[in-house]
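Student: Here is a sequence together with a model predicted from it:
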Amino acid sequence: MKHAVRHDWEIAEIEALFDLPFSDLVYRAQAVHRDAFDPNEIQVSTLLSIKTGACSEDCGYCSQSAKHDTSLEREKLLPLEEVIEAASAAREKGATRFCMGAAWRNPTDTNLEKVVEMVQAVHDLGMETCVTLGMLTGQQADRLKEAGLDYYNHNLDTSPEFYGNVITTRTFQDRLDTLGHVRDAGINICSGGILGMGESRTDRARMLQELCNLPKHPESVPINMLVQVEGTPLFGSEKLDPLEFVRTIAVARILMPGSWVRLSAGRAAMSDELQALCFLAGANSMFYGDRLLTTDNPEADRDRELLGRLGMRMAEHQDAELQAAKSCGKAGAGAA
C-alpha cells in the first residue's frame, strides 16, 4: 500500500493537514482514496430506528433524550416483521447494509435477544448488518457476534476535551470501553463524530486522532453534520462552514486509508455540489436517510440521479464485501 496505515499520529501533524490549501488537501485525500478504493463506487446503507425516544442520556444534539423537550413521540421496540419488511425494501432500493438504532443508554439482556433475532433475520436477506444500542458489556458484544452482526456503531462524537460540553451522562472513556468490547468480540467498528456543535478545529483534529490511533482503524467512519432540533441544547448553534466539513472528510480519508468514510447525518440539507466535494475528498459511503418507508423514497431517487450525474454508482453487495476485504488486506500490509 502506497499510503501506510499509521496509529501514531501527532496532533500537530493532523492540524497541519487541516491547514493545507484546500485544493492540496483534497488532491492528497483523493490520491489516498484511489489507492484503496474504486473512486466511483459508493456503499449505501439504510438506517431504521427500531426503538425511538425516552433515552436516559443527555446528549445535547439528540431529540431522543428524555431530558430534552422535543416533539418526538416515544415508540416501543418495533416488531420483527416490520424490521424485515423495512430491510427488504432497503435492499430493493440498492442498500447493501441495514443499520438498526435503538435509543438506549445500554440494552438489557432481554432486549438484546430481541435485537439478535432482528440481526439474524436481516442477515438471512443477504445484507450486512449494523446496530447502535448504546454501551455494551463484553458478554453482550460476544452475543451479537454469535448472531452474525457485521458492524457495531458507537460514535466518539467529538474530542475528549470538548466532550463534556455535549454529554454528561457518560464519559468519553465509556465510549472507548464499548469500542474495545466490540473489537475484542471480532465485530467491525463503525465510529465517527458530529461536526458543528461549537467545537474548534483542534477538537475535530483530536477526534480524528482518537479514531486513527485506535489499535485498529474503524472499518466505517461516519462524519455527521449537526442536524439542529428545536428543544435540544445545541439548537441555535452557529452553523459550520461547509468547506470545513469537506476538510474533515479529507483528513479522515488520509488518516484512515482503508476505512469506509461515510457522508452521514445532515446530508439531506447539503447541496449536490457540496456532496460532490465530499466524494472527491474521499467519502465513499452514505445513508439514504434516517427512516426508510416501504413506499417510493424520493430521497433515494434523488441520490441515484446525483450519482448518475457524477458518473458514480452504488456498490453491489458482493463487490462491497470484496472491496472491504481488499482494503483491510492492504491496510494490514501497510501497518506491518
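Tutor: That came in fine, so what should we check first? Numbers count the residues shown, from 1 in each chain.

Student: from memory Glu117 sits against Pro79, does it?
Tutor: No - the criterion here is CB atoms under 8 Å, and Glu117 misses it with Pro79 at 10.4 Å. (C-beta placed from N, C-alpha, C; glycine too.)

Student: Tell me where the stretch 1-150 of the chain is predicted with low confidence.
Tutor: Within the stretch 1-150 of the chain, the stretches with pLDDT under 70 are 1-2, 51-75.

Student: all strands of it, in order?
Tutor: With DSSP state E, counting those that start in this stretch, the ranges of strands along the stretch 1-150 of the chain come out as 41-51, 97-102, 128-132.

Student: Ok, which of those comes nearest Val246?
Tutor: For Val246, the closest of those is strand 41-51, at 16.3 Å, according to CB to CB.

Student: Just give the number of residues close to the closest residue to Met135 other than its chain neighbours.
Tutor: Counting by CB to CB, 6 or more residues apart in numbering, Met135 lies nearest to Asn106, which is 4.2 Å off, once chain neighbours are set aside. Asn106 has 17 neighbouring residues, counting by other CB atoms under 10 Å.

Student: can you pull the pLDDT of Leu292?
Tutor: On pLDDT, Leu292 comes in at 35.

Student: And Asn224, by the same measure?
Tutor: At Asn224, pLDDT is 89.

Student: Now name the helix or strand holding it.
Tutor: Using DSSP states H and E, Asn224 sits within strand 220-225.

Student: List the contacts of that strand.
Tutor: Residues outside strand 220-225 that contact it (CB atoms under 8 Å, 6 or more residues apart in numbering) are 130, 151, 153, 155, 188-196, 211, 240, 245, 248-249, 252, 256, 259-267, 269-270, 283, 285.

Student: could you check the angle strand 41-51 makes with that strand?
Tutor: Using axes from the mean of the first three to the mean of the last three CA atoms, to 10 degrees, one finds that strand 220-225 and strand 41-51 are set 70 degrees apart in direction.

Student: now the angle from strand 220-225 to strand 128-132?
Tutor: Calculated by the same axes, to 10 degrees, strand 220-225 forms an angle of 50 degrees with strand 128-132.

Student: residue boundaries of the helices in the chain?
Tutor: Taking DSSP state H, the helices of the chain run over residues 11-18, 22-36, 80-92, 109-124, 138-146, 172-185, 201-212, 242-255, 272-280, 298-310, 317-335.

Student: what's the closest of those to Ser159?
Tutor: helix 201-212 (3.6 Å).

Student: which one of the helices of the chain lies closest to Phe162?
Tutor: helix 201-212 (4.4 Å).

Student: Enumerate residues external to the closest one that contact any of its residues.
Tutor: Counting by CB under 8 Å, 6+ apart, residues outside helix 201-212 touching it are 6-7, 9, 11, 14-15, 18, 156-162, 176, 191-193, 195, 217-218, 221, 244, 248, 251-252, 255-256.

Student: Okay, now the unreliable bits of the stretch 201-336 of the chain?
Tutor: Checking the stretch 201-336 of the chain against pLDDT under 70 turns up 228-238, 289-298, 317-336.

Student: ok, now how distant is the residue most central in space within the chain from Tyr27?
Tutor: Computing the C-alpha centroid of the chain and ranking residues by CA atoms, centre = their mean puts Pro222 first, at 2.8 Å. Pro222 sits 24 Å away from Tyr27, going by CB to CB, to the nearest Å.

Student: Surely Trp260 is in contact with Gly282?
Tutor: No - Trp260 is beyond contact range of Gly282, at 10.1 Å (criterion: CB under 8 Å).

Student: my guess is Arg262 contacts Met286, does it?
Tutor: Yes - with contact defined as CB under 8 Å, Arg262 reaches Met286; the gap is 6.2 Å.
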